[in-house]
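> need a structure here:
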Amino acid sequence: MSSESWPPPLKEWVARCLGQMTDANRAEAQAELRESIANAFAEKTLWTTDWAGVQLKSLIPKAPPVLNSLKRKMNDNPPMSKKAKKAAAQKRNDANLDFGDQAALNRRAERFQREHDIERQKSMRGQASLQANNQHAHLFNRISRSDSPSAFGTNSDDPEADPNVLDWDKYTIVGTNQELFKDYLRLTSEPKPETIRPYSVLQQTLVELKKRWKEKVSYNWICNQFKSLRQDLTVQRIKNEFTVQVYEIHARMALESSDMVEYNQCQATLKNLYDLGIPGKHEEFTAYRILMLLHGRNKSELNLYVGTLTPRQKRDPAVQHALRVQRAISMGNYHALFEMYWNAPNMGAYIMDYFIDRERTRALMTMTKAYRTITLCFIQNELAFETLSDARKFVETHGSAFFINPNAIDRELTVECKSAAPQLAQVYEEKYRKVGIKGAI
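Residues are numbered from 1 along each chain as shown. Presented below is the predicted three-dimensional model:
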């Protein structure tokens with residue numbers, strides 16, 4: 001695994017800690033070292049921590065054993081001051097460091113310096129894509145995998161290899177497959193480079209897939225290809241702007257094709273990528289997430305999520321629209337809700353389609369309590385139906401087709417509200433009390 005994503009102070013601190021380890025404290029110190037780095041990654045302080053001032057508890061020198069009273073009595077030396085005791089303890093610690101440990105520390109420091117020089121030369125040659133990918137690599141997975149003995153191994157090609165130095169490249173996979181299109185197959189064993197497409201090929205694949213989508217190819221084929229593309233990105237640990245773009249495009253295609261399973265998987269991955277600080281259409285998918293939480297009627301999670309929105313997100317038109325939808329539903333303002341349904345930005349209307357019939361039923365329940373009769377034309381305009389036939393079909397499938405003039409044409413049909421109200425309440429309980437969200441994560 002390449003170490004470009006590690007800040008130089010962290011590398012120097014790791015080298016210093018490894019040099020201070022002994023056979024007695026190596027296991028405990030390595031575990032504490034990995035835990036410290038993993039915690040810093042989880043808290044997003046990997047680049048802001050003052051690593052020079054971090055001290056591992058397991059590497060703190062142990063206090064010397066206290067002499068018993070008999071030996072103290074036999075000691076003719078006068079009591080020492082605090083400064084003298086501190087100086088003596090420092091001398092003892094210096095004496096405990098043999099020349100072998102110091103030489104190993106020097107070799108490790110030189111090896112880390114060589115890595116710095118190599119990485120600097122790579123960046124100067126313009127390898128921006130690889131650098132962006134490594135900058136957002138999943139550090140925690142790398143640290144957790146180092147628990148296995150093979151992560152601290154000796155490289156037979158390096159005569160100065162030290163068993164305490166992490167094997168950075170052990171888990172890196174760089175594909176060699178040059179095919180643009182490849183069927184998705186669930187991995188059941190360790191991936192092989194000859195079956196994985198490299199980063200440059202994956203970029204060409206995305207361009208071709210967008211062309212095919214514009215040509216109206218089958219969604220099942222497109223979805224299969226995007227899942228294969230996502231898999232190749234995952235096994236190579238590529239997490240950059242290109243990765244975000246792949247998941248965003250697939251999520252939009254899934255919405256357009258009513259594939260909520262794939263959409264929810266893409267949305268969950270995008271949330272993790274955005275949390276890493278990788279740029280993308282964050283505000284657009286923030287609005288989608290709010291609408292999805294409205295669909296699931298998860299009020300507690302929705303309130304928590306809205307509370308974490310930044311001022312920049314709240315200024316975005318799509319996010320503002322989603323928040324207005326939330327307000328209209330909570331206040332029962334169905335007139336404003338269906339106005340926003342007609343004017344939903346981006347692909348928000350595709351998500352609203354999943355709960356719009358539920359809100360139409362609620363609105364019609366309110367209307368049947370307030371009116372004695374309602375014309376079908378009024379229902380069409382108020383509940384945002386495209387045609388009169390759609391409005392009539394909705395009324396009939398929801399048990400409220402109590403027309404006072406059933407033989408009239410659709411434009412003149414009128415619903416008798418007193419008979420329709422109890423039927424609507426019963427249908428609402430049966431169809432919309434529980435919400436099933438496919439592929440929810």
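> the stretch 251-400 of the chain: strands as residue ranges?
For the stretch 251-400 of the chain, applying DSSP state E, counting those that start in this stretch gives strands covering 373-375.
> looking at this protein, which helix or strand is least sure?
helix 139-145 (a mean of 40; mean pLDDT, DSSP states H and E).
> that helix: what's the following helix or strand?
The helix or strand immediately downstream of helix 139-145 is helix 199-214, counting by DSSP states H and E.
> from the contact counts, what lies against that following helix?
helix 128-135, helix 219-235, helix 241-256 (3 or more Cβ pairs under 8 Å, 6 or more residues apart in numbering; DSSP states H and E). To be clear about C-beta, it is placed using only N, CA and C from the backbone, and glycine gets the same treatment.
> try 7 Å this time
helix 219-235, helix 241-256 (3 or more Cβ pairs under 7 Å, 6 or more residues apart in numbering; DSSP states H and E).
> now render these as TSV, adding mean neighbour count and distance to Val54.
Converted to TSV, the helices and strands packed on helix 199-214 look like this (neighbours: other Cβ atoms under 10 Å; distance: least, Cβ to Cβ, whole Å):
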stretch	mean neighbour count	distance to Val54
helix 219-235	19	32
helix 241-256	20	31
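> can you add mean pLDDT and distance to Tyr354 and give these back as TSV?
Output for the helices and strands packed on helix 199-214, formatted as TSV (pLDDT from 0 to 100; distance: least, Cβ to Cβ, whole Å):
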stretch	mean pLDDT	distance to Tyr354
helix 219-235	93	18
helix 241-256	94	10
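> distance to Asp357 added to those helices, as JSON lines?
As requested, the helices and strands packed on helix 199-214 are exported to JSON lines (distance: least, Cβ to Cβ, whole Å):
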{"stretch": "helix 219-235", "distance to Asp357": "23"}
{"stretch": "helix 241-256", "distance to Asp357": "17"}
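> so which of those helices comes closest to Thr375?
helix 241-256 (34.1 Å; Cβ to Cβ).
> spatially central residue in the chain, please.
Asn272 (1.1 Å; Cα atoms, centre = their mean).
> state the distance from that residue to Gln20.
35 Å (Cβ to Cβ, to the nearest Å).
> likewise Ala384?
To Gln20, Ala384 is 69 Å away according to Cβ to Cβ.
> more neighbours: which of those two?
The residue with more neighbours, out of Ala384 and Gln20, is Ala384; 20 against 17, by other Cβ atoms under 10 Å.
> for stretch 356-369, buried residues please.
Neighbour-count burial for stretch 356-369, counted by 16 or more other Cβ atoms under 10 Å, picks out 356, 358-365, 367-368.
> give me the contacts around that stretch.
329, 332, 334, 337, 341, 374, 383, 394, 398, 400, 417, 420-421, 424-425, 427-428, 432 (Cβ atoms under 7 Å, 6 or more residues apart in numbering).
> if you set the cut-off to 6 Å instead, what comes out?
Stretch 356-369 is contacted by residues 334, 374, 383, 417, 420-421, 424, 428, 432 when judged by Cβ atoms under 6 Å, 6 or more residues apart in numbering.
> average pLDDT across that stretch?
For stretch 356-369, the mean pLDDT works out to 92.
> check the offset of that stretch from the chain's centre.
Relative to the mean C-alpha coordinate of its chain, stretch 356-369 is positioned 37 Å out (Cα atoms, centre = their mean, to the nearest Å).
> quick one, what contacts Val415?
Val415 is in contact with Ile374, counting by Cβ under 6 Å, 6+ apart.
> Three-state assignment for it, please.
strand (DSSP: H, G, I helix; E, B strand; the rest coil).
> show the model's pLDDT score for it.
At Val415, pLDDT is 91.
> just Ala88 next, same as before
pLDDT, Ala88: 65.
> give me the number of residues near Ala52?
9.
> actually Glu110, sorry about that
Glu110 has 12 neighbouring residues, counting by other Cβ under 10 Å.
> buried sites along the strand or helix carrying Pro422?
If you go by DSSP H and E, Pro422 is part of helix 417-432. Neighbour-count burial for helix 417-432, counted by 16+ other Cβ under 10 Å, picks out 417, 420-421, 423-424, 427-428.
> where does the stretch 151-300 of the chain have low pLDDT?
Scanning the stretch 151-300 of the chain for pLDDT under 70 picks out 151-172.
> ok, now with 50
Residues of the stretch 151-300 of the chain meeting the criterion pLDDT under 50: 151-161, 168.
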